[in-house]
Each structure stands twice: as structure tokens, then as C-alpha cells.
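Undergrad: Here is a sequence with its predicted model. Questions after.
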There are 2 protein chains.
Amino acid sequence: MENGKVEPKTLPGFMELLPNDQIRFNEIKEKIQKSYEKFGFLPLDTPVIEASNVLLAKAGGETEKQIYRFTKGDSDLSLRFDLTVPLAKYVSEYYGELSFPFRRYQIGKVYRGEKAQAGRYREFYQCDIDIIGDGSLSIMHDAELPSVIYTTFRSLGFEDFTICINNRKIFNGMFEYLELADKSTDILRIIDKVEKIGKANVIKELEELNVEKEKIDTIIKFIEISGTSDEKIEALRKLGIDTETFRTGVDELETVIKQIRVCRVPEKNFKVDLSIARGLDYYTGTVYETFLDNYKQLGSVCSGGRYENLAEYYTDKKLPGVGISIGLSRFFYQIDKENILPNENKSISKVLVAGMSQEELEYALEVGETLRNAEINTEVFLEDKKIKAKFKYADKLHIPYVIVIGEDEKNSKKVTLKSMKTGEQQTIDIEEAIKLIKNN
Amino acid sequence: MENGKVEPKTLPGFMELLPNDQIRFNEIKEKIQKSYEKFGFLPLDTPVIEASNVLLAKAGGETEKQIYRFTKGDSDLSLRFDLTVPLAKYVSEYYGELSFPFRRYQIGKVYRGEKAQAGRYREFYQCDIDIIGDGSLSIMHDAELPSVIYTTFRSLGFEDFTICINNRKIFNGMFEYLELADKSTDILRIIDKVEKIGKANVIKELEELNVEKEKIDTIIKFIEISGTSDEKIEALRKLGIDTETFRTGVDELETVIKQIRVCRVPEKNFKVDLSIARGLDYYTGTVYETFLDNYKQLGSVCSGGRYENLAEYYTDKKLPGVGISIGLSRFFYQIDKENILPNENKSISKVLVAGMSQEELEYALEVGETLRNAEINTEVFLEDKKIKAKFKYADKLHIPYVIVIGEDEKNSKKVTLKSMKTGEQQTIDIEEAIKLIKNN
């Protein structure tokens, strides 16, 4: 800069919030954490930096290009790009000391050198839970996760959201049956476009791919399945596909739907959606995507699924798992931009104690101590300013109460409590003030 | 590894905890956060990665060597090595949108490529608070911070700790007066050794440094000051040093001590200590170090002080501040190693719900939902295992209650609640079980 100073600039693609937004962000983060803990998930906090050979044991292609990778001394290091690889490392490394099924949550920052654009961050929070089995893992866990998703989004204040559930084995089993496994990627790409291009064009494109007529018929029957979750499952059984993979997929999906009901997730908040997660071959069974009903343009706000083997790059042990993830930074950006949750004024302090002059500061400090001992977050304004400036400060920070201490209050050992919301003010005992503040 | 696998290894110098320790760590972190919030400090969460020219505007020497610095594309990037430089950047960058005095806390990981050794981490948590003034900042804030330290360490369960307080202006003023400012570093190094080498040797070494006799007399009088905090302040005034810096230092120290008492920090938890923070020339006024009385070998567990100008590398604005920091990762390592806080068994779940067989699983899931709706962290054991294995799981995870669901419980809509601590068990209504669990 001109004055010989360095320009204080945060890097593009890195979220940095003003205090009010940071309080809102932290509240959401904490609610997610509390929801995860309600289901007994254990906290984990792995390093941001890992040895590159460990972190990239599996990675490749697009992911690898995005990695923040560098050397320090002789060490080839990388920043974690998700929380799943560190989990795989952790479970393999401490296998003997963990209890299975191992239920863990991790809320932390991950790093991807993506092209910076609105709502896409290079450093962002992921909020993950996973349940890892030792050798095997009951399908019941697949049914438990939607109730975690439900509890979490309810705690965040949402009512209108839908957890869409599918099972990868249904696709896989169908393509096995049709002997089209080698063309499955192309076919999925085509049928994904059905809403855009229409049935006739899907048929045309499948024909161009040299898919035989009766196979196209089956595929069309499949993508035309509609109705309630139960009707969809029924329709799947009637497709006449009899490979074991397909049957297992439908059975699993049925079990998951049945148990979700047992877990009391309301019908309106979940459904079978045979179109989701067609593209992700990381998952091998149940898959989840969650949409806000009135804001579908956000895409899935919580996704996940079942995988057969968490840590094959590190260990011979078979460690199947099921998990979900919320991309919190992007989610916060979106709900903020779309005004989905009210952008409320937040404060950490419940009360600002302000002396009329520095003469009353000692009593103000005493009052502050008394309030804090009553578990009320309290700030004492210590600068020598006019009372008006102190009120302005409380107002800017959205502090709901100001306690004014003048000579009278000091002498009578009382306080004048002013509600910044109603403007109401009254001179009362500290104990009474504490009660009033706590009840509001 | 032999089997073609990558060895799952965490880097040396990076803390990674098993679940029970992670729960304990998080509890401490949360208590520190709640204590900071009690005083109205606002949360901040800056990026781990910053542009190197921004982050290293001030750094140099030893610090710079430890930095994790690398390029990604065209960008020269560094990982933050403390939370103060990011604060300076933040306050300069968002100056117009902040309210002053700006009170913020930040709890986050920082990175230093130090030589890895026991208790020294390359990635570690710092828990910082700072109060930044716009142009000026009342000395009263220097008095407020010890009450934050006091509240924080009390909340962590400590009673025997001492916040040692000094003021850099006292040294500086003395050396000004003695016209020894150019030799101050050497002199401080010598007088720091007084307990080890004795008074006679200190005098000898000062003589070797060509310090005149009457100046040596003053220095010796200074380091022999003892007694209560008030007696020390009194003795300082009697040294006959009359530079303005010195007088200001003594006055500030006196004010801070007086106001700490107003803030009701007990006498046993603070004192004037004229020997602390002799080495840190970053601070310009009040300085703090905190020691656990029975574990002085830990060194200071919470340090900080007053600085004249937070952000001179970024802005012409004068931004004086005062702050403290707890190095949480090292602190946790130390209290664990020395067994300072009881290494208790912790759990996230309060209850494990276990069916006698998979026949009772649906009712078990219902019971789990009911407990969670009553705000009790509850896990339902979903795997098809013998009841003994389920108890073993609860025991390993230190879950205090197991609810056993057999055929009878299922039919009568009751639960059998077993306390894992007492072994006591009783078959009761869910509502009664909820009451019992909540009251324990």
C-alpha cells in the first residue's frame, strides 16, 4: 500500500465472518454437534496436516489436483481434503483401542484448492458422522442415520425438508440383470436427463447406445416408478429383475424405510427416491440426500451412505461403515444468501453494565461480578465515555440489557435495568434484575 | 508395509487423542470458551491459511523459520503461527464495521514447525482473548483480564494458582533513569540468574559489564524487593527513580492491583511479581503470567499483557490492546502427564439401550427416541450380539446406564434400568427411568 503498509486482506475462497454472523455460524455448528452427541457419537479431532502418502493413499484425479500439498524439511505433507480419509487412518491406527461399532463425529475444516466462486470455499467446515463396524455392520445403522439427520435439521429450526433414500444395489442389480454393467455410466447419464429431455429422447439415446428394445423397456419402467415409498418398493419387486444384488437392494431399502418409521421420523420428512446418488460409486448400499423442500436449488444439504470398506488402503481388516456429512460453510452461505433462517441480531453478552461516570466504575465492576456469578454473560463498559456512547455500543452489539449505575444506584446499592428492546427501565435490587434477565 | 498397504501413521508433533481423552480435552476447551463468553468476548474464526506477505508482515528470525509456508498455483501461502497476527489483520480489514473496545476470543489451531518433542506440538490449540481500543484503551481493561483468568481456571477445577503481574514500564523506566537502556538485555539476563548464582555473583557480573557502583546498588535494591503486593509497590516508590516511564509503570501496576480486588479475585490468586516477563519486548505495559502453585515446573499456563499497537504493519490507526493466551494442547498434555486433574472416565452417551435379542429392537428404538426427546444422550445397540457383549460395550465406553429390553419389558412397555456404577437394576416405567437418569 502507498503508506508502506501491507494490505490486510483475507484470501479469496476463505470464509471470514463479522462477529454477529460468527455467533450465528457457531450456534448452528453447536446445534449440529449437540444433535450428533444425542445419538452417542464420539468426538474426534484429527490433524489438519497429514503425511501425503497417508492422505493420498486412495486419492486421484480431480481430488489430487485440489490438494494443498507441500514439503517442510524432508516431509511431504498435505492438508486434509475431507474427514473420511483421516477417519480411515484413525480407525486403522487405533483399531485395537476402539470399541465397535465405532460411532464418531468430527466437525472441522477441510481444504480444497477449488476455483474460488460465490459459495465455494477452499477452507470449509464439514460436519460428519460415521458408524464403523468390525467385519460387519447391521443394516439397522442405515436406518438410524435418517433419524439423526431429522433431529439435526429440526434442531436448526427446519420443518420442511425431505431425506431422500435409495440403494446403490438396485441400480447395480438392474444393470447386472440387463447385462449392461459396462454401459451403466452412460445409461445413468442419459436417464438422469429424463425430466429435461423427455421419455422419447431418453429412448432414442438408449437406442443410439445399442441397448436392446426389451432392456430399454425395463429401464423405462424403472424410471417411471412413482408413488409413495411403499408403492415404489412394490413396483421394484414387480420389475421382474431377479439377481441377488437387486433383491438385496430392495430388501435393504424396505428395511431402512420400515425402521425409519420406528424411529418416528415423520412421513413428510423422508421418501424413497430412486433417482438420487446415481453417480457416486464410492457408496455400495444405502444412499441419502437431503433437500429443503422450498429451496431445492440449494442441492443436497446433507448426504451420505453405506460403504463396504472404509480403510482398505491401510489395513486388511474389513471395516464397513455408513455415514453422513453436512458441508457447513457452504450451507451457512446459502441459508444466509437466500434468507432461509432469520438473520437475527445476536449477542454474547446478555447485559452491559455502564457507569454514568468513572466514579461509579468500582460498583459497576462489582455488579458485573455478581451477574456473572449468576451465570449471566456480562460486560462492564470500562472506557471513560458519555453514557450515550455506552448505549450506542450496547445497541451496535445487540446486547439486550443495559444496567446503568449512577450515584443514586451506587449509594443505594441498586441498579437501573433498561431493556434495549422495549426501552422500559426500572431501578431495582440486583437480585431482582438477575431474575428479570434470566426470565427473558 | 509388507501387505502392500500404506502404514496409517499420524505425523510426529501432532496431537491425536483416543475418544475418552478427546472428550476430556473438549470439556476443557468448552469451559475456557464459556468463561471467555461470560465476559462478553465475541467469537472469531479466521482462516488457517493466509497470504504470506500478510501473515509475515512482522515476523522474522526464529518464528519465520518455523512457518509452514508453501505455494499453491501463483499464491505464496502460510499457515498461521499464532492468533494475534490474524487478529491484527482482521481488525485492520474490518475496522469500520467493528465496535470498540473490540473484545474477541479465538480458540483455534496454530502451526509451528518446531523440533518435535514430548509436550511440544507442531499443531496446537491457542485460546486467546484480546481487547482492542480505537486510539486508546483504559488501564481498567488490564485489571479486568486477571478476573477472566481467575474465572477460567476456577471453572477448570483449579484453586491453587497465582496470576503474577508486572509492568514493563518499571524496567524500562529504571534503565532509562540509570542510563543503561543499551545494556538492558545483558542486565536482565544477569539479574534473572540471582536465585541460581546468588547476590554476590550478580554484583560481580554487573561490575564486569562496567555498571557503576551506585547503579548496581539501585539494581540490587530493586531485585531484593519483597513482601506483599502493596509492600512491593511501596518499595518501588522508595527506590528514588523519578522518570515518567517508571512512575507511570508503578501507577498502572497499583491501579491494576486495586481494581483486581474490586473484581473480587481472592488475594491468594494474584500478586505483583517484579521478575516476570523480563524478556518479552512485545509487551509495553502490564504483563501477566499464571502458575499452578503446586506445579511450577509447568511454567506459565496463561500469559499475556498490554501492547501499544496491534496492527502497525497494516494500518496507520493506533490500536492498543491487552490480551492473554492459554496454550491448550501443551496444557492438556501437562495436566495429563502430571495427573493434575483426575483422569476420569467420560462418555457422550448417558444411556445404552440394549435389546435381549433383535426381537426387541423396535421397542428399543422407541425407548431411545423417548430418552432423546427428554434431552438424554442415548445410543441404541443395533448389532445382533449377546447381551453380555452389549454390556461390555457400555462398560468400555463408560456409559453410566444400560436399559435392558427383554420380552417382558416389551410387552409391559417398561424398561429395566441398570446403573453400571452400582450394579443396581430395576424394572420401571420409561418416565421414571428418565427422572432417575436425569437426577444422577
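TA: Okay, I see it.

Undergrad: From here on, just use CA atoms for contacts and neighbour counts.
TA: Noted.

Undergrad: Stretch A:347-366 near chain B at all?
TA: Yes: shown here: stretch A:347-366 in contact with chain B (C-alpha under 8 Å from any C-alpha of the partner chain) through A:I348, A:S349, A:E362, A:L365, A:E366.

Undergrad: residue contacts, the second one?
TA: When the contact criterion is C-alpha atoms under 8 Å, 6 or more residues apart in numbering or on different chains, the partners of A:S349 are A:I376, A:N377, A:T378, A:E379, A:I399, B:E37, B:K38, B:F39, B:G40, B:F41.

Undergrad: again with the first one
TA: The neighbours of A:I348, taking C-alpha under 8 Å, 6+ apart as the test, are A:I23, A:N377, A:I399, B:E37, B:K38, B:G40, B:F41, B:L42.

Undergrad: Now for the residue nearest to A:N345 when sequence neighbours are not counted, how many residues are close by?
TA: Nearest residue to A:N345, sequence neighbours excluded (C-alpha to C-alpha, 6 or more residues apart in numbering or on different chains): A:H398, at 6.1 Å. Burial of A:H398 is recorded as 20 neighbouring residues (other C-alpha atoms under 10 Å in any protein chain shown).

Undergrad: cool, A:L319 as well?
TA: Neighbour tally, A:L319, other C-alpha under 10 Å: 24.

Undergrad: Assess the claim that it and A:G133 are in contact.
TA: Yes: counting by C-alpha atoms under 8 Å, A:L319 touches A:G133, with 5.5 Å between them.

Undergrad: related to what we said a few turns ago, for the contacts of A:S349, which one is nearest A:Q126?
TA: Using C-alpha to C-alpha, B:E37 is the member of the contacts of A:S349 that lies nearest A:Q126, at 24.5 Å.

Undergrad: Surely the closest one and A:E375 touch.
TA: No: using C-alpha under 8 Å, B:E37 makes no contact with A:E375, being 10.5 Å away.

Undergrad: who has more neighbours, the two?
TA: B:E37 (23 against 14).

Undergrad: Break down the stretch 201-350 of chain A into its strands, ranges please.
TA: With strands called from DSSP state E, counting those that start in this stretch, the stretch 201-350 of chain A shows them at A:270-272, A:286-292, A:302-307, A:321-327.

Undergrad: so what secondary structure elements neighbour the shortest one?
TA: In this case it means strand A:270-272. When contacts are defined as 3 or more C-alpha pairs under 8 Å, 6 or more residues apart in numbering or on different chains; DSSP states H and E, strand A:270-272 packs onto strand A:161-167, helix A:229-237.

Undergrad: change it to 7 Å
TA: In terms of contacts (3 or more C-alpha pairs under 7 Å, 6 or more residues apart in numbering or on different chains; DSSP states H and E), strand A:270-272 is packed against strand A:161-167.

Undergrad: distance between stretch A:124-144 and the chain's centre?
TA: 15 Å (C-alpha atoms, centre = their mean, to the nearest Å).

Undergrad: To clarify, my last question referred to stretch A:42-51.
TA: Centre-to-centre, stretch A:42-51 and its host chain are 18 Å apart (C-alpha atoms, centre = their mean).

Undergrad: Okay, now it: how far is its last residue from its first?
TA: Using C-alpha to C-alpha, to the nearest Å, the end-to-end distance of stretch A:42-51 comes to 25 Å.

Undergrad: And for stretch A:282-293?
TA: 26 Å.

Undergrad: Let me know the average pLDDT across it.
TA: In this model, stretch A:282-293 has an average pLDDT of 95.

Undergrad: which parts of it are buried?
TA: For stretch A:282-293, the neighbour count (16 or more other C-alpha atoms under 10 Å in any protein chain shown) marks A:Y283, A:T284, A:G285, A:T286, A:V287, A:Y288, A:E289, A:T290, A:F291, A:L292 as buried.

Undergrad: hmm, who's touching it?
TA: Here stretch A:282-293 makes contact (C-alpha atoms under 7 Å, 6 or more residues apart in numbering or on different chains) with A:142, A:160-169, A:277, A:299-308.

Undergrad: Any stretches of the stretch 1-150 of chain A with poor pLDDT?
TA: Confidence mapping of the stretch 1-150 of chain A against pLDDT under 70 gives the ranges A:1-2, A:59-62.

Undergrad: quick one: contacts for the closest residue to chain B within it?
TA: Closest residue of the stretch 1-150 of chain A to chain B, C-alpha to the nearest C-alpha: A:K38 (4.0 Å). Applying C-alpha under 7 Å, 6+ apart, we find A:K38 in contact with B:R372, B:I376, B:N377, B:T378.

Undergrad: Now distance to chain A too, for these, in CSV please.
TA: Compiled in CSV, these are given as follows (distance: C-alpha to the nearest C-alpha, whole Å):
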residue, distance to chain A
B:R372, 6
B:I376, 7
B:N377, 4
B:T378, 5
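
Undergrad: taking these one by one, which sit in helices?
TA: Within those, residues falling in helices by DSSP state H are B:R372.

Undergrad: So which of the contacts of A:K38 are in strands?
TA: Here DSSP state E is the test, and those give B:T378 as lying in strands.
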